[in-house]
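**Student:** from the sequence below, what's the structure:
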Amino acid sequence: MGRTLPSATQLMLQEEAALSRFRRALRRSDQLVFDDLFTAAQKHISAAAYAAHALPFETFLMAMLLEERKEVMRLRQMVEALCEMHA
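**Tutor:** Alright, predicted model coming up:
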């Protein structure tokens, strides 16, 4: 019988645990941001399961980056709307 591969959720938890000492070394405010990044990556955990060719952490970084990009785009739209209101 073959070995069971860990799920994407298990891999994410392993990566987060591997970075626990790094997280503890951060300032409290940075720890909260660090936690937010992993929370953002969890939103895309089902998609990460399909990225078998990539290293697990690369997939989680991409999910974090995706969420950050969405936030930048949302804020940019808000700034543009405010500028149009005041023009």
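
**Student:** for the spatially most central residue of the chain, give its distance to A87.
**Tutor:** Taking Cα atoms, centre = their mean, the centroid of the chain lies closest to M64, which sits 2.5 Å from it. According to Cβ to Cβ, to the nearest Å, M64 stands 35 Å off from A87. Where you see a C-beta, it was placed from the backbone N, CA and C, and this is true even at glycine.

**Student:** what pLDDT does the residue nearest to the centre of the chain get?
**Tutor:** With respect to pLDDT, M64 has a value of 95.

**Student:** ditto for M1
**Tutor:** 61.

**Student:** likewise R69?
**Tutor:** 95.

**Student:** secondary structure element for it, which one?
**Tutor:** Per DSSP states H and E, R69 falls inside helix 56-86.

**Student:** need the residues that contact the helix-or-strand element of the chain with minimal mean pLDDT.
**Tutor:** Of all helical and strand segments in the chain, the minimum by mean pLDDT, DSSP states H and E falls on helix 45-48, at a mean of 90. Helix 45-48 has contacts (Cβ atoms under 8 Å, 6 or more residues apart in numbering) with A8, T9, L11, M12, A41, P56, T59, F60, A63.

**Student:** how about stretch 67-84?
**Tutor:** Stretch 67-84 is contacted by residues L37, A40, A41, K43, H44 when judged by Cβ under 8 Å, 6+ apart.
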